[in-house]
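**Q** here's my sequence, what's the structure:
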Amino acid sequence: MSNKKHKEMDRQREGSESEEEQNSGSEKESDVDSEGKYTGDQELQADFEGRNPEDYDFYGIKQLLRQLFLKSNVDLAGLAEIIISQNYVGSVVKQCLDDPADDDDDDDVDDGVFGVTTVINITKRKKDPTIQQVTALLNQLAEDNADNETKALIKKILSDDFNHVGFVINERILNIPAAISVPLFSSLQSELEKAIKKNMPYKFQYLIWICKIYNTGEAAADTLYANEEEKALVEEALASFEVDVSEQVDNSQWDFEGGALLPGRKVLIFEGKKFNHLVRLIKEEVEGGA
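**A** Presented below is the predicted three-dimensional model:
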């Protein structure tokens, strides 16, 4: 699907979205908040699976990216385009359909995208305007929040043309269980290995990963992770820093056992060679918490 068609589709969606927001009876809008958290009181049961991103997943992917980037100056439509263009690496989470024939219906553009897991080579794509926005954001976040050593590291690896950096995206609707991350990352691991064997640019010297977090106090133990499996990765990071995003969300804090949940982001930088180890840690974290 062309960029022009996506942008036209997006304008149509934005218009219908505004109308939906005014309709208090809309189940989609009333049951999910701006952070993707299910707020209704109905217990939902469904089976999910990972699939390669397709054109009709564009709007759903863009909505998930908004959870991560909030009001940052990043072209989310452009980033969704990139994810779809490299659909041989990465997956979207979709609901399993009882009738396989329903899978051929492309009328619903967002088509129930509940998650997306992938990695983008931001070194190889550094001339792409969208990726330039991502790298500018990472540099600015480090400048405003990281220590001097981490600032220097971020600046170095993002300006290096030879040591490739992978930008990991691991987003899903908040109420999708962490268990889904195991097959998603196992699949990503296999896809990266196949791509590398074909001499495609997916061998990374560094990985950058942004986690959605909620702080309840001063100590690290008081930090909650929107994606629970990511907590196990922190100690493996080469460097990290936190960002307060309270001013970028509609509800900047929520009650939590007498305290408050303050939304933030934790930026992690890993050595690329640790990716397989990170996948093992995710599996151990999920199975250990089951």
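
**Q** which SSE is residue 132 in?
**A** Assigned by DSSP states H and E, residue 132 belongs to helix 129-145.

**Q** avg pLDDT for stretch 271-281?
**A** Average pLDDT, stretch 271-281: 97.

**Q** alpha carbons only: can I get it in CSV?
**A** Output in CSV follows, covering the C-alpha atoms of stretch 271-281 (Å, rounded to 0.1, in the frame of the first residue of the first chain):
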residue,chain,number,x,y,z
GLU,A,271,25.2,-5.0,23.1
GLY,A,272,23.7,-6.6,20.0
LYS,A,273,25.3,-9.9,20.6
LYS,A,274,23.2,-10.3,23.7
PHE,A,275,19.9,-10.6,21.8
ASN,A,276,19.6,-14.3,22.1
HIS,A,277,20.4,-14.1,25.8
LEU,A,278,17.7,-11.5,26.2
VAL,A,279,15.2,-13.8,24.5
ARG,A,280,16.1,-16.5,27.0
LEU,A,281,15.6,-14.1,29.9
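
**Q** can you tell me what sits against that stretch?
**A** Applying C-beta atoms under 8 Å, 6 or more residues apart in numbering, the contact partners of stretch 271-281 are 164, 166, 185-186, 188-189, 192, 203-207, 232-233, 236, 238, 270. For the C-beta atoms, the positions are set from N, CA and C on the backbone; glycine is no exception.

**Q** can you flag which of those belong to strands?
**A** Judged by DSSP state E, the subset of these located in strands is 166, 206, 207, 270.

**Q** reformat the residues you listed as a markdown table; add neighbour count and distance to residue 276.
**A** Formatted as a markdown table, the ones in strands among the contacts of stretch 271-281 follow (neighbours: other C-beta atoms under 10 Å; distance: C-beta to C-beta, whole Å):
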| residue | neighbour count | distance to residue 276 |
| --- | --- | --- |
| 166 | 26 | 13 |
| 206 | 25 | 15 |
| 207 | 24 | 12 |
| 270 | 22 | 11 |
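
**Q** the helices in the stretch 51-200 of the chain, which residues?
**A** Ranges of helices in the stretch 51-200 of the chain, per DSSP state H, counting those that start in this stretch, are 58-69, 76-85, 129-145, 148-159, 181-197.

**Q** let me have those helices in TSV, adding distance to residue 217 and mean pLDDT as columns.
**A** Converted to TSV, the helices of the stretch 51-200 of the chain look like this (distance: least, C-beta to C-beta, whole Å; pLDDT from 0 to 100):
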stretch	distance to residue 217	mean pLDDT
helix 58-69	24	96
helix 76-85	32	98
helix 129-145	18	98
helix 148-159	23	97
helix 181-197	26	97
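
**Q** nearest to residue 216, of the ones you listed?
**A** Closest approach to residue 216 among the helices of the stretch 51-200 of the chain (C-beta to C-beta): helix 129-145, 19.0 Å.

**Q** would you mark the buried spots in that closest one?
**A** Of the residues in helix 129-145, 130, 131, 133, 134, 135, 138, 141, 142, 145 count as buried by neighbour count, 16 or more other C-beta atoms under 10 Å.

**Q** correct me if wrong: the first one contacts residue 82.
**A** Going back to what we said before, that points to residue 130. Yes - applying C-beta atoms under 8 Å, one finds residue 130 in contact with residue 82, separated by 6.5 Å.

**Q** sorry, back to before: how big is the angle separating the helix holding residue 132 from helix 58-69?
**A** Here helix 129-145 points in a direction 20 degrees away from that of helix 58-69 (axes from the mean of the first three to the mean of the last three C-alpha atoms, to 10 degrees).

**Q** what packs against helix 129-145?
**A** Other helices and strands packing on helix 129-145, by 3 or more C-beta pairs under 8 Å, 6 or more residues apart in numbering; DSSP states H and E, are helix 76-85, helix 148-159, strand 239-244, strand 259-271.

**Q** other residues contacting it?
**A** With C-beta under 8 Å, 6+ apart as the test, helix 129-145 has contacts from 69, 72-75, 78-79, 81-82, 120, 122, 125-126, 150-151, 154-155, 158, 167, 208, 241-243, 265, 267.

**Q** returning to that earlier point: could I get the helices and strands packed on helix 129-145 in a markdown table, plus columns for distance to residue 61?
**A** Output for these, formatted as a markdown table (distance: least, C-beta to C-beta, whole Å):
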| stretch | distance to residue 61 |
| --- | --- |
| helix 76-85 | 4 |
| helix 148-159 | 24 |
| strand 239-244 | 22 |
| strand 259-271 | 19 |
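
**Q** out of those, which is the most enclosed?
**A** helix 76-85 (a mean of 21; mean count of other C-beta atoms under 10 Å).
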